[in-house]
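> this is a predicted model, with the sequence first.
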Amino acid sequence: MLTRFYNRACRRGIRGTSFAVPLPNSAMTYESQGRTGPMDTAERRFRDLVHGVDAIVWEADAASLACTFVSQRAEELLGYPIERWLGAPEFWTEMVDARDRDRVLAHYAEALTATRPIEHEFRANTADGRQIWLRDRVHPAERGRLRGLMIDVTEHKRLEQERDELLLREQVARADMETAAEMVQRLETITEAALSDLSQERMLRRVLERIRDVLEADFTLLLLPSDDGEDLRLMDAVGLDVDDDVRVPIAETLSGRIATTRRALLVEDAARTDLDVPALRHARVRSLIGVPLSVDSHIVGVVQAARLARRRFSADDARLLQLVGDRLGVAIRNVRLYEAERRARVALEAATRRAAFLADAVTALAAATDPVDGLEAVGRLAVPLLADWCAIDVREADGGFRRVAVAHRDPAAEAQAAVLLGPVAAPITAGVTRALDTGTAEWVEVDASVDDLAVRGESDERQAVADLGVGGYIVAPLAVGGRVLGAITLVAAPGRELGESEARLAQDLARRAALALDAERRRGMAREILQIVGGELRAPLASLGRALRATTDPAKAGAVRTAARALSAVAREARVAARIVAVPADTGPRRVDLSNVVGAAVSAVADEARARGVDVETALEPNGFEVAGDRRRLRQAALRLLQTAVRSTPAGGRVYTRLSRAGAHAVLVVSMVGSSITPAAGLRLNVARQLVEHHGGTLTTASEGPGPTLTVSLPLA
């Protein structure tokens, strides 16, 4: 608008007028060419309008660019006096910034012949040293002059610059975001394998494959520190054939430098680098990138990627691989912690099972009235926990031995193994006979020979042993005090190994069984001695009785009575001691109230039940329940039954005991409400079953109803 107004004003009001000498900023000398009066008034009005415009109105000679007119706004905007503008061609070179000077002069030269006004922008230097932006609209005028209108657009340019900077920052941010998103996607592609539920070997292999694919590498490899920390051991490589047990010294090697400095390393020309992995040198890789794996300032390993082509790895590749390395280091540590925890848990569970097994075995040996029965019970406990089948041999008095028991996990196979039982008159040299002769255990982990277990050397025996299955075996002699009382043979079927833990457990079991056998032998000797003592005392007692009846001397009679009473007491105590040592189960016609026995057992487990948070309830029918048997042994059976129930019921559960009559039998039912596991074996249950069966009863288990139940049935007296 200002330009259009100025152009019209110039055509109408300045025509025939010339501006000659510049005056101070408040006025200008004006020479008239024969016009006065109203023309003076119009010119004054035009002059006031021009000077009042918020822009620089100027006119200059086109050839020299010497200004012939400039409005007062020029001095206000740029600070230069009007005199500097008028008649000084060099002023333009001083006022226009050097960076824009040639372009401005070119625009002015173009304006002379342009049919339309030319608009351009340039930077102008102010008198006080500042710099502002001017937008100039210039067009040709009469008599070889140029006229223009300059507007201050500094603020507009500042806003434009800020806008451009914002746009640039936004574009940079978007580019960074896209790069970050791409890197995150690539990172997720790689680390997805590290988050999978894999073993360490499979996890590392999959991560290396992902790194190779994402980085478009030809080879990837992983090195982990050795146990002594002196070397880096090549754990795995993808795309590269490597030798077994490749080790790289940490000191003064490329991989060692990555590990010790904990900084990524880019090798642009691998041909000029001393590569420390021989397979990489043989492959003639061109470029390589390596990053450290560390967790909590501890070095975990080094991962490397290599290319055969000359294409170099970028800084983004290094950052990505370092991110992968950080996560891979954490994953390796977590896998190691998990493996250590798992191994500890497995070892604890195995130790718990071994301890429970040994406790059950010792109890079975102690509860058995016949040592052979106890050994047979031990064999059944060992299968299938330790082995697939078991044979037990006992030394005879004549120096030979007898195979007294064979237990197999398959009842049908066990029935067919009966051919192995019985005395071994002329044993051949085999694993069992060697252990019996030397007192040293025989242990073959896998691929054992059938002949080592065929003690008679007969073809039928060898076939029976082969049918039972032979993979590995352990023969543990029952040795005590330098004497070998027998042997326990544990055999694993093909496909199952008997490791060191099984061997140690078998020898521990054999030692305990040998002690039990030796204790039983000693008890037999004690019973025999005590019985002899008791028998030998009968004759002296009879003689003393006859002497007492024959004497008439009161003093001698008193002494004889005292000696007789002493000897009688010794004989009586000897007989009682013999019964105690023999530990017989009295199953004679003695009547035992089963209600009192069960009540005593319930009271005995009350404290333990409270400690475990288990309620114990009892329901007894009003009629008495009398059975024939040994009260002490029956109480032991009831106590072990309730202990098994309480210890098999979780906290908050309930043990419900009910004693009732079913025909000619008393039935004791123990229900474990809240338990999901039916106890089918174990120390106390096995002892209870043996005691119950010794009294002509049965003990069964069931899992129906609100919880597992144990049911004892005993014939009523």
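Arrived safely, thanks for sending.

> and the spatially most central residue of the chain, how far from residue 561?
The chain has residue 338 as the residue nearest its centroid, 3.9 Å off, counting by CA atoms, centre = their mean. From residue 338 over to residue 561 the distance is 82 Å, taken as CB to CB, to the nearest Å. C-beta here means a position set from N, CA and C on the backbone, and glycine is covered the same way.

> what of residue 51?
Applying CB to CB, the value for residue 51 to residue 561 is 163 Å.

> shouldn't residue 229 be within a helix?
No - looking at residue 229 with DSSP: H, G, I helix; E, B strand; the rest coil, it is coil, so not inside a helix.

> and the residue nearest to it when sequence neighbours are not counted, what does it touch?
Nearest non-adjacent residue to residue 229, counting by CB to CB, 6 or more residues apart in numbering: residue 250, 7.6 Å away. Residues near residue 250 by CB atoms under 8 Å, 6 or more residues apart in numbering: 225, 229, 230, 231, 232, 256, 259, 260.

> just put these in CSV and tack on pLDDT.
Putting the contacts of residue 250 into CSV (pLDDT from 0 to 100) gives the following:
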residue, pLDDT
225, 89
229, 83
230, 87
231, 89
232, 90
256, 88
259, 88
260, 88
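
> outline the domain layout of the protein.
According to automatic domain parsing, the chain comprises the domains 2-152, 192-340, 367-506, 524-582, 591-715.

> which among the contacts of residue 250 end up buried?
Taking 16 or more other CB atoms under 10 Å as the criterion, what is buried in the contacts of residue 250 is 225, 231, 232, 256, 259.

> surely the fourth one is in a helix?
Think residue 256. Yes - using three-state DSSP, the assignment for residue 256 is a helix.

> how about the nearest residue to it, chain neighbours excluded?
Nearest non-adjacent residue to residue 256, counting by CB to CB, 6+ apart: residue 250, 3.8 Å away.

> so what's residue 510 up against?
Residues in contact with residue 510 (CB under 8 Å, 6+ apart) are 441, 476, 477, 478, 479, 487, 488.

> tell me the phi and psi of residue 650?
Main-chain torsions, residue 650, degrees, to the nearest 10: phi -70, psi 160.

> gap between the closest residue to it other than its chain neighbours and residue 460?
Spatial nearest neighbour of residue 650, chain neighbours left out: residue 674 (5.8 Å); criterion: CB to CB, 6+ apart. Noted for residue 674: a distance of 52 Å to residue 460, by CB to CB.

> equivalent analysis for residue 215, please.
In terms of CB to CB, residue 215 sits 68 Å off from residue 460.

> the two - which one has more neighbours?
Legend: neighbour count by other CB atoms under 10 Å for residue 215 and residue 460, higher for residue 215 (22 against 11).

> mind jotting down where the strands sit in the stretch 401-550 of the chain?
Assigned by DSSP state E, counting those that start in this stretch, the strands in the stretch 401-550 of the chain fall at 401-408, 422-424, 442-444, 472-480, 483-492.

> so which elements touch the fourth one?
Spelled out, it's strand 472-480. Packing contacts for strand 472-480, counted by 3 or more CB pairs under 8 Å, 6 or more residues apart in numbering; DSSP states H and E, involve helix 431-438, strand 442-444, strand 483-492, helix 500-550.

> can I get the contacts of residue 510 in TSV with pLDDT?
Converted to TSV, the contacts of residue 510 look like this (pLDDT from 0 to 100):
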residue	pLDDT
441	88
476	90
477	90
478	87
479	86
487	88
488	89
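
> same list (those) but as a markdown table, adding neighbour count and distance to residue 139.
Formatted as a markdown table, the contacts of residue 510 follow (neighbours: other CB atoms under 10 Å; distance: CB to CB, whole Å):
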| residue | neighbour count | distance to residue 139 |
| --- | --- | --- |
| 441 | 20 | 118 |
| 476 | 26 | 118 |
| 477 | 26 | 124 |
| 478 | 28 | 125 |
| 479 | 22 | 125 |
| 487 | 29 | 124 |
| 488 | 28 | 120 |
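
> rebuild the residues you listed as JSON lines, extending it with distance to residue 497.
Shown next, in JSON lines, are the contacts of residue 510 (distance: CB to CB, whole Å):
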{"residue": "441", "distance to residue 497": "16"}
{"residue": "476", "distance to residue 497": "17"}
{"residue": "477", "distance to residue 497": "22"}
{"residue": "478", "distance to residue 497": "24"}
{"residue": "479", "distance to residue 497": "25"}
{"residue": "487", "distance to residue 497": "21"}
{"residue": "488", "distance to residue 497": "18"}
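
> wait, which of the residues you listed is closest to residue 455?
Among the contacts of residue 510, residue 487 lies closest to residue 455 (CB to CB), at 10.0 Å.

> any idea how far stretch 231-250 is from the chain center?
Centre-to-centre, stretch 231-250 and its host chain are 25 Å apart (CA atoms, centre = their mean, to the nearest Å).
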